[in-house]
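Engineer: Model the structure of this input:
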Amino acid sequence: MDRVDLLRQLELLHADSFGWAMACCSRERGEAEDVLQSAYEAILEGRAHYDGRATFRTWLFGVVRLTAMAQRRRRVLRWLRWERPLDGREPADARTDPAAALERSDNADRLGRALGALPPRQRQVLHLVFYQELSIREASAVLGISIGSARTHYERGKERLRALLHREDQR
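Structural biologist: All right, here's what the predicted structure looks like:
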C-alpha cells in the first residue's frame, strides 16, 4: 500500500479509530487523542507496517490497541517507580532534596519487598511487562509459557502486589 492509499484509509477510518481509541482508554478523551496520534505516527513513520494479512481496519485497530497498552504500561511503570505521587503534588527533585531521596528509597524498598514476596513466575511476568516493557505475549515467549498462563500470572501478580502494598500501608 503506497502512502497516498495509506493516508486515504486513515482518513476514512478516523472516526471509527477515534471511537476505538476512546474504548481502549477508558473514555478518557485526552488520552485517546494521544494514543491515536502515536498510532498514526508509528504507521506513517513505518514502525507499524500493514502486511495485508488482515483487513486494514482490523490491523489499524490492533495498532491503536497496542499503542494504548504501551502507553498504559509506561504510566503504570512510572507509578510503580513512584515518579508521580498519588496526591497530585509535583515530585520533589531527589537530587537536591534529601527527604525526597529518602522517601523514594523507602518506596523502592517497599516495592522490592512486595515483589520479592510474589511467586517466581508472577514476579518474572511483572518484571518483563513493567520493567522491560514487553507485551504479555512477548513475556510468554521469553518465559516459554502459553499466553493464557502468562496472562493469569500477570493478573494474579498485580492483584497480589496491590494487596501486599496495601497491607504494608495499613501497618
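Engineer: residues contacting the residue nearest the centre of the chain?
Structural biologist: By C-alpha atoms, centre = their mean, the chain has its centre lying nearest to R73, at 1.5 Å. Taking C-beta atoms under 8 Å, 6 or more residues apart in numbering, we find R73 in contact with 129-130, 133. Glycine gets a C-beta too; all of them are placed from N, C-alpha and C.
Engineer: Quick one: low-confidence residue ranges for this protein.
Structural biologist: For the chain, the stretches with pLDDT under 70 are 80-105, 132.
Engineer: what ranges do the helices span in it?
Structural biologist: Ranges of helices in the chain, per DSSP state H, are 3-12, 14-24, 29-44, 56-80, 98-116, 120-126, 136-143, 147-170.
Engineer: Mind putting these into CSV with distance to Y50?
Structural biologist: Below are those laid out as CSV (distance: least, C-beta to C-beta, whole Å):
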stretch, distance to Y50
helix 3-12, 7
helix 14-24, 14
helix 29-44, 8
helix 56-80, 5
helix 98-116, 39
helix 120-126, 30
helix 136-143, 19
helix 147-170, 23
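Engineer: Could you list the domains of this structure?
Structural biologist: Each domain of the chain is listed here as a residue range: 3-79, 96-170, per automatic domain parsing.
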